[in-house]
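Participant: Provided below for reference: sequence and predicted model.
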Amino acid sequence: MKDDTVTSDPRHDSAIKHVTGRAEYTDDIPEPAGTLHAYLGLSTRAHARIRKLDLAAVKTAPGVVGVLTEEDIPGENDVSPTGLNDEPVFATGKVEFWGQPMFAVVAETRDAARRAAQQAVIAYEDLPHVLDAAEARAADYPYVTAPLKLERGDVAPALRTAPHRLSGQMRVGGQDHMYLEGHIAFAIPGEDEDVIVHSSTQHPSEAQHMVAKVLGVNSHAVTVNVRRMGGGFGGKETQMNLFCAVAAIAAKKWRCAVKIRPDRDDDMSATGKRHDFVIDYDVGFDEAGRITAVEGQFAARCGFSADLSGPVTDRALFHADNAYYYPNVRLTSHPMKTNSVSNTAFRGFGGPQGVIAAERMIEEIAYALGKDTLDVRRANFYGTDDRNLTPYHQTVEDNIMPRIVDELEANADYRARREAVLAYNASGGILRKGIALTPVKFGISFTATWYNQAGSLVHVYNDGSIALNHGGTEMGQGLNTKVAQIAADAFGVDFSRVKITRTTTEKVPNTSATAASSGSDLNGMAALDGCEQIKARLIEFAAEKWQAKPDTVRFADNQVHIGSEAVPFADFIKQAYMARVQLSAAGFYKTPKIHWDRASGKGRPFYYFAYGAACSEVTIDTLTGEYQLDRTDILHDVGRSLNPQLDIGQIEGAFIQGMGWLTTEELWWDDEGQLRTHAPSTYKIPLASDRPRVFNVALPEWSENRENTIKRSKAVGEPPFMLGISVFEALSMAVASVADYKTCPRLDAPATPECVLMAVERLREGRADVSG
Ligand code: MTE
Ligand code: MOS
């Protein structure tokens, strides 16, 4: 059907440029003569009063032009995205984490600035510090933001009267974003109060507003531009505000272009990561493995400021049901302040930490009852007509989980392979295998309802070429390709006729972050709206000029068809221009149906759900704890795909990133609060050699979004991240085999080889009750 599908399936519009090095990133923009370079001076205490900050040696270091401290900030010393004013650009009075920016140095070269930053003489008076969420709760540390409670049914009596009841604790680690391109901002001063900032941010509008705030000027004086990012993964949603602010302050002060780009170690120390959680659960269930009641406490290490910790910990609760119906449930978040870097958005935005808690409870039940985990999962899936109410009182209306899981179970040959794994392990060798099939259900929409809006600006030039701008940013996910496809399809022209220009706050104002996987849902619709406005004018023009009925005008095959006539698109546009038809439009979209009342914990925060499932098989070495991923099969729902190539790429990448989070990526702070894993040498992300030996990824061809999304597609950016949980659960089964599957291994994440080995030893010694 012409109107419902996108005609072409082009590869990523920058694919060739990416691999040939011709794609322009912020650091590739030619520098004006006299460009200066800024570098941050970071604290070396987790919590301390600043007794003395002596920058004399910094100022006289070779190549240095000057330094910036709080006193040089013309506006407010704050870049907090929440309005809580809890995130200074430069620390004053005291520092609250190791790596906190205290000053910046500006020099003729980046190297000079970087060296000079080390010359500061700082005297601290140490204060007690708290590093992790459990410690913070024990020490009665404050929340960084108000906690959330989701509740339905009557939990206490349901737990008391449950036929079986289990409780436990799970620690789930954080994660560094490891974007290939680090943080960067490049500011160019203009006349009056003007400044242009080129940056690698997922949220140009927020960066614009922050720069205006620190400069004490109106937002209209500040332009933020983003051509593309070399990966963001949530790490550039708010964290870039700091760098944009510092570059802009320096650029205005010295009236020179100023660039700031921390090296990887400082990037990892000074910017936020995925929140690690300590989760306490108490679950009641019956003989069949059906859950009757759940109580969950979700404590997160938020760091020294709120940043996005409120919505991140909220989203953990929204996903603590994963695909399962909890008849009685109470979930509470504890967004703990800690003396560590302020944690932030990361693919899934807290959702993965909720989902893994659900999967842990499923595991507990399966081991307690001696069942296959998949049977317990199935017994608890949301229903279609009943058992379909979430803990936040939204009805699940689009449940396709059972079909997804049935199809994957068959395609991956799960039952037979599980039998084979059990038989393999029964021979009692050093190597053990595990297999797990895990589902994911993920809610799509920003839970901050006002964020679910988008704009576009569409120009058709009189040569028939189309320039399209939207509020989203390109970070590798292929958003620009999808939106260009939508525009090409609307005008019935080739993809190559559409150019998506860089994202700029000058063209589309007040945009939302490109986040929550909603980039193509929101911007695709806004772009389509812009195209449709222009088309409506063109149809009116054609009907009048060719004396035809408006409904006989069609845009297809690079032509405009009017009744039986066909005019090449470019000629038609030229004629429309000559007839003074307006060939430009601003489009707009806001997501319908959603609402959310945080105080009562009720609403419909999500427009729809995305579904998927993965089946992974692993082998572990019980002498060393090492493991390998033998095979993964994925069936992941993207509705009617806008671009199967891009969608499959997103699913593969998300799965691998999710697996990395749960296996080898370990963040480690020492007792003083210094992050010791601040480079790829000590922080291990998955390599090409860690991918599954056999990797099958499929999209359910039959799926389409029942809601009226762009071309009936579904968001794809984050949901498949949680498919990595299948690897974690398969590792758990392999470990469980050493104690005959009698006890749930209770692996914490990440399950590094070291942790797997310790869990094997623990189970062999019959110490089942200790997490670790
Ligand atoms: N894919 C690539 N290649 N690079 C990225 O930085 N970010 C992810 C996901 N996929 C990311 C990515 C995250 S965290 C989100 S929210 C979505 O892309 C954002 O883009 P979308 O809304 O257009 O899917
Ligand atoms: Mo993605 S964590 O919403 O940027």
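Facilitator: Ah, there it is. Ligands and ions are numbered 1, 2, ... in the order given.

Participant: Identify the residues contacting Tyr367.
Facilitator: If a contact means C-beta atoms under 8 Å, 6 or more residues apart in numbering, then Tyr367 has Ala736, Tyr741, Lys742, Thr743, Cys744 as its contacts. All C-beta atoms are positioned from the backbone trio N, CA, C, and that covers glycine.

Participant: Please repeat the previous calculation with a cut-off of 10 Å.
Facilitator: Tyr367 is in contact with 166, 373, 376, 732-733, 736, 739, 741-746, 768, counting by C-beta atoms under 10 Å, 6 or more residues apart in numbering.

Participant: quick one: which helix or strand includes it?
Facilitator: Assignment of secondary structure by DSSP states H and E places Tyr367 within helix 351-369.

Participant: again, but for Ser520
Facilitator: Going by DSSP H and E, Ser520 is part of helix 519-545.

Participant: in its sheet, what does the very next helix or strand once past that helix sit against?
Facilitator: Remark: after helix 519-545, the chain's next helix or strand is strand 553-556, criterion DSSP H and E. Here strand 553-556 has these sheet partners by DSSP bridges: strand 559-562 (antiparallel).

Participant: In the partner strand, which residues are buried?
Facilitator: Under the neighbour-count criterion of 16 or more other C-beta atoms under 10 Å, strand 559-562 has Gln559, Val560, His561, Ile562 buried.

Participant: Now do the residue lying farthest from the centre of the chain against ligand 2, distance only.
Facilitator: Relative to the centre of the chain, the most outlying C-alpha is that of Gln547, 51.7 Å out, by C-alpha atoms, centre = their mean. According to C-beta to the nearest ligand atom, to the nearest Å, Gln547 stands 51 Å off from ligand 2.

Participant: hmm, back to that, what about the helix holding Ser520 and ligand 2, touching?
Facilitator: No. Using C-beta under 6 Å from any ligand atom, helix 519-545 never reaches ligand 2; the gap is at least 9.1 Å.

Participant: thinking again about what came up before, tell me the buried residues within the contacts of Tyr367.
Facilitator: Leu166, Thr373, Val376, Ser732, Met733, Ala736, Ala739, Tyr741, Thr743, Cys744, Pro745, Arg746.

Participant: wait, what's in contact with Ser600?
Facilitator: Counted by C-beta under 10 Å, 6+ apart, Ser600 has contacts Lys149, Glu151, Tyr392, His393.

Participant: Which pLDDT value goes with it?
Facilitator: The model reports Ser600 with a pLDDT of 97.

Participant: secondary structure class for it?
Facilitator: Assigned by DSSP: H, G, I helix; E, B strand; the rest coil, the conformation of Ser600 is coil.

Participant: re the thing from before, could you give me the average pLDDT of the helix holding Ser520?
Facilitator: 98.

Participant: How about the backbone phi and psi for the closest residue to ligand 2 within the stretch 301-450 of the chain?
Facilitator: The nearest approach of the stretch 301-450 of the chain to ligand 2 comes at Ala345, 3.9 Å away (C-beta to the nearest ligand atom). In terms of degrees, to the nearest 10, the main-chain angles of Ala345 are phi -60, psi 140.

Participant: same check, this time on the one 5 residues further on
Facilitator: Note on Gly350: backbone dihedrals following degrees, to the nearest 10 are phi 90, psi -30.

Participant: Tell me which residues touch it, please.
Facilitator: 274-275, 277, 298, 300, 308-320, 333, 335, 343.

Participant: cool, and Thr223?
Facilitator: Thr223 sits next to 188, 190, 194-198, 204, 208, 211, 504-507 when contact means C-beta under 10 Å, 6+ apart.

Participant: let's go with 8 Å and repeat that
Facilitator: Asp194, Val195, Ile196, Val197, Gln208, Thr504, Thr505, Glu506 are the contacts of Thr223 under C-beta under 8 Å, 6+ apart.

Participant: sorry, back to before: show the average pLDDT along the helix or strand following the helix holding Tyr367.
Facilitator: Going down the chain from helix 351-369, the next helix or strand is helix 373-380, by DSSP H and E. Averaged across helix 373-380, the pLDDT comes to 98.

Participant: The next helix or strand after helix 373-380 vs helix 373-380, what angle?
Facilitator: Sequence order places helix 401-411 as the next helix or strand after helix 373-380, per DSSP H and E. If you take axes from the mean of the first three to the mean of the last three C-alpha atoms, to 10 degrees, helix 401-411 sits at 160 degrees to helix 373-380.

Participant: what's helix 401-411 packed up against?
Facilitator: helix 373-380, strand 431-444, strand 608-621, strand 627-636 (3 or more C-beta pairs under 8 Å, 6 or more residues apart in numbering; DSSP states H and E).

Participant: Please repeat the previous calculation with a cut-off of 10 Å.
Facilitator: The elements that helix 401-411 packs onto, with contact taken as 3 or more C-beta pairs under 10 Å, 6 or more residues apart in numbering; DSSP states H and E, are helix 373-380, helix 414-426, strand 431-444, strand 608-621, strand 627-636, strand 694-698.

Participant: Centre-most residue in the protein?
Facilitator: Short answer for the chain (C-alpha atoms, centre = their mean): Arg347, at 2.4 Å.

Participant: Where does it sit: helix, strand or coil?
Facilitator: coil.

Participant: which ones are touching it?
Facilitator: 175, 177, 232-235, 274, 515, 517, 653-654, 657-658, 661, 717-722.

Participant: Can I take it that Ile651 is in a helix?
Facilitator: Yes. Remark: Ile651 belongs to a helix, assigned using three-state DSSP.

Participant: And it, how close does it get to ligand 1?
Facilitator: Distance from Ile651 to ligand 1, by C-beta to the nearest ligand atom: 10 Å.
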